[in-house]
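A.B. asks: Got a sequence here, can you model it:
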Amino acid sequence: MNYALVGAFVLILGAGMIAGTLWLASGGAFQKRYDLYLAVSDESVAGLNLNAPVKYNGVDVGKVREIRLDPGNPERVNLVFAIERGTPIKEDTLAVLKTQGLTGIAYVELSGGTPSSPPLRAAVGSGYPVIRTKPSLSARLENVLTTALAKLDSTSNNLNALLSGENRAAFTSVLADIATVARTLAARKDTLDAGIADAARTFGNTARITAQAGPVIDRIGRGADAVENMGNTVARTSAGVGTVVDSFGADLTRFTGETLPELERLLGELNILSTSLRRLSEQTERNPAGLLFGHAAVPEGPGERETESSKP
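C.D. replies: This is a model prediction of the structure:
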């Protein structure tokens, strides 16, 4: 019997049994494989722990592998997910932080991933594909409550300013003035009723006058139209006269240029003739015999001879 051969067989068999046990303990042929994805959260991830579940529409698809602050921006948190290979993580997949019931245990919920969206790939220079995130319900409630509280605080401040001592005094004075006016109106109720009745009658009379003024206005309008037509007729007549004057203008100018000088000369001669006849009539009245014997020479007046002899 070869004891060495038997010992070697036992050692090989033991090693195989140990390897098989370890392989089975790790999952064996059914062992799952995971892909790593990165998600950047802009809110607090309090309550989220390592190995917290990552669910896709409520189905466990992985775990949180790593949680760390962004070295370049501490307001952001980098989360690394280990998700089962084959899970349809696409470009429109969104990650949001949720809590389970009242326990406060946080987990990551994935949603989205439409069929038409392409699979999510790692960008150039990035170690992992980056899943986009959206604010959690608690973060949105916190933002809404913060905004509501800010508005409530602003409204409270405005109310305090509105109800200040000065404004309250002014409001009291206004109420007192309104009360005084109300009492005055109540005391003059009858007068106001009479005034309203008079105003109603006035409005009625105005309406009737307006209705009667319509025909008068129409007649005035027709008169204006007649005047306008007459003006147009006069304008056309003036235009015709202007045309006639223009047509006779040349003849009139020629007549004036040729006839007026002759007429002027004739009038001058008639004037001289008239003067001579007047002088003859005067001489005949003074001396009728002069028609038969001629007129005696008129004696020269004083100084006429000297004047003529002094002429050169």
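A.B. asks: Now do the strands in this protein.
C.D. replies: 34-41, 53-56, 59-70, 73-84, 94-100, 105-111, 130-133 (DSSP state E).
A.B. asks: which other helices and strands contact the last one?
C.D. replies: Right, strand 130-133. Using 3 or more C-beta pairs under 8 Å, 6 or more residues apart in numbering; DSSP states H and E, the elements in contact with strand 130-133 are strand 34-41, strand 94-100. Where you see a C-beta, it was placed from the backbone N, CA and C, and this is true even at glycine.
A.B. asks: List just the one of those that sits closest to Leu263.
C.D. replies: Comparison of the helices and strands packed on strand 130-133 against Leu263 by C-beta to C-beta identifies strand 94-100 as nearest, at 118.5 Å.
A.B. asks: neighbouring contacts of that closest one?
C.D. replies: Residues outside strand 94-100 that contact it (C-beta atoms under 8 Å, 6 or more residues apart in numbering) are 39, 41, 43, 45, 47-48, 79, 81, 105-112, 131-138.
A.B. asks: How about it, which residues are buried there?
C.D. replies: Neighbour counts using 16 or more other C-beta atoms under 10 Å place 95-97 of strand 94-100 among the buried residues.
A.B. asks: what angle separates it from strand 73-84?
C.D. replies: Interaxial angle of strand 94-100 relative to strand 73-84 (axes from the mean of the first three to the mean of the last three C-alpha atoms, to 10 degrees): 90 degrees.
A.B. asks: Check the average confidence over strand 94-100, would you?
C.D. replies: For strand 94-100, mean pLDDT is 88.
A.B. asks: what's the answer for stretch 205-220, then?
C.D. replies: pLDDT averaged over stretch 205-220 gives 78.
A.B. asks: now do stretch 153-173
C.D. replies: On average, stretch 153-173 scores 89.
A.B. asks: what about it, distance to the chain center?
C.D. replies: On the basis of C-alpha atoms, centre = their mean, to the nearest Å, stretch 153-173 sits 35 Å off its chain's mean C-alpha point.
A.B. asks: What of stretch 62-81?
C.D. replies: On C-alpha atoms, centre = their mean, the centre of stretch 62-81 falls 48 Å from the chain's centre.
A.B. asks: residues making contact with that stretch?
C.D. replies: Contacts for stretch 62-81 (C-beta under 8 Å, 6+ apart): 34, 36-42, 44-45, 48-54, 82-84, 87, 95, 108, 128, 131.
A.B. asks: Can you give me the buried ones in it?
C.D. replies: Neighbour-count burial for stretch 62-81 flags 62-65, 77-81 (criterion: 16+ other C-beta under 10 Å).
A.B. asks: which of the residues you listed sit farthest apart?
C.D. replies: Gly62 and Val77 (17.6 Å).
A.B. asks: can you put the strands of the chain in CSV and add distance to Asp190?
C.D. replies: Shown next, in CSV, are those (distance: least, C-beta to C-beta, whole Å):
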stretch, distance to Asp190
strand 34-41, 79
strand 53-56, 83
strand 59-70, 84
strand 73-84, 77
strand 94-100, 75
strand 105-111, 77
strand 130-133, 78
